[in-house]
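# prediction below, plus the sequence it came from.
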There are 2 protein chains.
Amino acid sequence: MKFSVTVILKKDVLDPQGKVVQNTLMNLGMDNLKSIRQGKFFEIEIDEKNQDIAQQKVDEMCKKLLVNLIIEEYKISKI
Amino acid sequence: MKFSVTVILKKDVLDPQGKVVQNTLMNLGMDNLKSIRQGKFFEIEIDEKNQDIAQQKVDEMCKKLLVNLIIEEYKISKI
């Protein structure tokens, strides 16, 4: 069973990396760019047939290692 | 108009970062984890009403700056 996890900084947290990308894109002539935020993406494959249990496992992985819950938020979806 | 872009290493390219995450998760007791790959995620907001043109712009950004087409592949989706 395959899941995708996207991790992104919370709205109130400054995203300097995204800001640099935004400035660079604007210098490249993309003047209708309003905002860009950068985050992480994980593609996770799990050996488990029950979808609920599998999703729980992925959630546990996020909380234990992949996501810093203080400054980041995440979304899990099945692929 | 808002788009999400996910960038991930092509299948044949080694993903050492993902490998480290995988080993760490297994050490944490996640023994039914089969594979994990790490990539980048962008949330892009564009000031353009026509969806086709907006998507073209995002595609151009990916090709010009965000994606290394030699080793990475990307997917654009509207949010």
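Structure received.
# check the residue of chain A most remote from its centre and give its pLDDT.
With C-alpha atoms, centre = their mean as the measure, chain A has its most outlying C-alpha, relative to the mean C-alpha position, at A:G29: 26.9 Å. Per-residue pLDDT puts A:G29 at 91.
# count of residues packed around the closest residue to A:V5 other than its chain neighbours?
Here the nearest residue to A:V5 in space, its sequence neighbours aside, is A:F42; by C-beta to C-beta, 6 or more residues apart in numbering or on different chains that works out to 4.3 Å. No exception for glycine: its C-beta is placed from N, CA and C like everyone else's. Summarising burial for A:F42: neighbours were counted as other C-beta atoms under 10 Å in any protein chain shown, giving 24.
# one more: A:F3?
Neighbours of A:F3 under the rule other C-beta under 10 Å: 21.
# what do you get for A:T6?
18.
# SS state for it?
Reduced to three states with DSSP: H, G, I helix; E, B strand; the rest coil, the structure at A:T6 is strand.
# what's the spacing between the residue nearest to A:V5 and A:V7?
Distance, A:F42 to A:V7, by C-beta to C-beta, to the nearest Å: 7 Å.
# joint contacts of the two?
Taking C-beta atoms under 8 Å, 6 or more residues apart in numbering or on different chains as the contact criterion, the common neighbours of A:F42 and A:V7 are A:L66.
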